[in-house]
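Enquirer: Got a predicted model here, sequence first, then my questions.
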Amino acid sequence: MLVAGFSLLIKGKSLSKIIRELTKGEGIEYAFGGIFNLIVGLLIVAVHNLWQMPLYVLLITIIGWITVIKGVAHLLLPDKQLDKMIKPFDNKNYFVACGLVFVLIGLYFLYTWWTVVA
């Protein structure tokens, strides 16, 4: 999460361009946007479906379910609907904001892991 956040902060503009190029090929979008997200989300939910505190336990479950919903949406929604949903996120500010959120969540996970293990 921490690495993904820093990647979004550092390469936000180029990632936006890469995503636009990838979404031109429908097979790649179907595979990565739908199947990959669905499998990863289902794995997280199958292993870690705990709706309880502490916060880091709850965050992992929420991330898993969001990933499942994203995968299902990519697989079932028509392309025009997906384009409408993706368009507002096609700017550098979105990637910077997501990067900051990912960095904060990653730092929280790292801090929590460090205090639980140590």
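Expert: Nice, I can see it.

Enquirer: For Cys98, see how far away the residue nearest the centre of the chain is.
Expert: When C-alpha atoms, centre = their mean is applied to the chain, the residue found nearest the centroid is Thr67 (6.5 Å). Distance, Thr67 to Cys98, by C-beta to C-beta, to the nearest Å: 14 Å. In this view, the C-beta of every residue, glycine as well, is placed from N, C-alpha and C.

Enquirer: Could I get the buried residue list for the biggest helix by length in the chain?
Expert: The single longest helix within the chain, with elements called by DSSP state H, is helix 92-117. By neighbour count on 16 or more other C-beta atoms under 10 Å, the buried set for helix 92-117 is Phe95, Cys98, Gly99, Phe102, Val103, Ile105, Gly106.

Enquirer: Reformat the residues you listed as CSV; add pLDDT and distance to Gly12.
Expert: As requested, these are exported to CSV (pLDDT from 0 to 100; distance: C-beta to C-beta, whole Å):
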residue, pLDDT, distance to Gly12
Phe95, 81, 3
Cys98, 85, 8
Gly99, 88, 6
Phe102, 89, 12
Val103, 91, 12
Ile105, 91, 17
Gly106, 90, 16
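
Enquirer: so what pLDDT did Glu21 get?
Expert: pLDDT, Glu21: 69.

Enquirer: swap that for Val72, please
Expert: At Val72, pLDDT is 88.

Enquirer: I'd say it and Leu42 touch.
Expert: No - under the criterion of C-beta atoms under 8 Å, Val72 makes no contact with Leu42, lying 10.0 Å away.

Enquirer: Make JSON lines out of the buried residues of helix 92-117 and add distance to Gln52.
Expert: Output for those, formatted as JSON lines (distance: C-beta to C-beta, whole Å):
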{"residue": "Phe95", "distance to Gln52": "32"}
{"residue": "Cys98", "distance to Gln52": "26"}
{"residue": "Gly99", "distance to Gln52": "29"}
{"residue": "Phe102", "distance to Gln52": "23"}
{"residue": "Val103", "distance to Gln52": "25"}
{"residue": "Ile105", "distance to Gln52": "18"}
{"residue": "Gly106", "distance to Gln52": "22"}
